[in-house]
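Trainee: here is the input, now give the coordinates:
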Amino acid sequence: MKEAVPKAVKKDLVRILKKSQRYINSGDSKKLKSISDDAVHNLTIYQDEDSLSLAVILYAISKLLERWGFDSEHAEQARVLLGSAQFSVEHDEVLEYREKMKNLFEFISTVEKESKIYVEKVIEKAQIKKGSSIYAQGISVARVADLFGIGQWELLNYIGKTRIHDEIEHKSDVAERLRFARSLFTPR
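Mentor: The predicted structure follows:
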């Protein structure tokens with residue numbers, strides 16, 4: 001049986017992957033970082049591993065391309081790998097897409113052999129930064145830490161240094177919050 005990605009997630013994954021390649025071509029690390037937030041938005045709604053890996057990878061690539069340069073061979077490799085992942089999603093090859101995401105993580109790790117600690121820190125920072133964004137959208141610290149495979153204390157430490165609590169919009173519509181909570185526990 002072939003595994004499927006929900007249509008809304010698939011559509012957004014394809015859109016995000018296309019834009020990320022465009023931003024690599026144009027050398028725009030700011031937009032590349034910001035497009036990873038779109039994947040975070042999907043993650044808060046669907047809590048799927050595909051959006052999770054894409055958000056972390058795009059943020060890490062944007063940070064690393066700032067270091068490598070957007071005219072480097074690494075930028076082209078990243079763009080090609082993202083294009084390949086896009087092709088897999090468009091053709092409903094979910095397992096192939098996930099394998100390509102693993103290849104992107106490996107690519108990021110192996111390109112900077114002498115700076116392996118730097119790459120690990122970038123990926124860890126990406127996970128914590130994207131995790132805090134998800135927390136800001138209403139998902140619990142425990143759930144976010146579980147999704148990203150990071151410690152709650154690391155996440156709370158980062159959140160405590162930000163202004164997330166000041167920026168969170170407190171909604172008073174209880175019925176809307178209840179519908180959202182029920183949607184999290186409804187089988188898909």
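
Trainee: and the pLDDT for Lys33?
Mentor: If you check Lys33, the pLDDT there is 85.

Trainee: what helices or strands is whichever helix or strand it is part of leaning on?
Mentor: Element membership for Lys33, per DSSP states H and E: helix 29-46. Applying 3 or more CB pairs under 8 Å, 6 or more residues apart in numbering; DSSP states H and E, one finds that helix 29-46 contacts helix 7-26, helix 49-68, helix 116-136. The way it works is simple: take the backbone N, C-alpha and C, and place the C-beta from them, glycine included.

Trainee: pretty sure Asp48 contacts Val5?
Mentor: Yes - using CB atoms under 8 Å as the test, Asp48 is close enough to Val5 to be in contact (7.5 Å).

Trainee: I'd say Ile57 and Asn103 touch.
Mentor: No - counting by CB under 8 Å, Ile57 stays clear of Asn103, with 10.2 Å between them.

Trainee: the more surrounded of these two?
Mentor: Ile57 (24 against 13; other CB atoms under 10 Å).

Trainee: burial of the closest residue to Ser132 other than its chain neighbours, as a residue count?
Mentor: Leaving out its chain neighbours, the residue that sits closest to Ser132 by CB to CB, 6 or more residues apart in numbering is Ile159, at 5.1 Å. Look at Ile159: counted by other CB under 10 Å, it has 18 neighbours.

Trainee: list the buried residues for the host helix or strand of His74?
Mentor: Per DSSP H and E: His74 is located in helix 73-90. Under the neighbour-count criterion of 16 or more other CB atoms under 10 Å, helix 73-90 has His74, Ala75, Ala78, Arg79, Leu81, Leu82, Gly83, Ala85, Gln86, Ser88, Val89 buried.

Trainee: my guess is Lys19 meets Lys33, correct?
Mentor: No - using CB under 8 Å, Lys19 is not in contact with Lys33, being 11.9 Å away.
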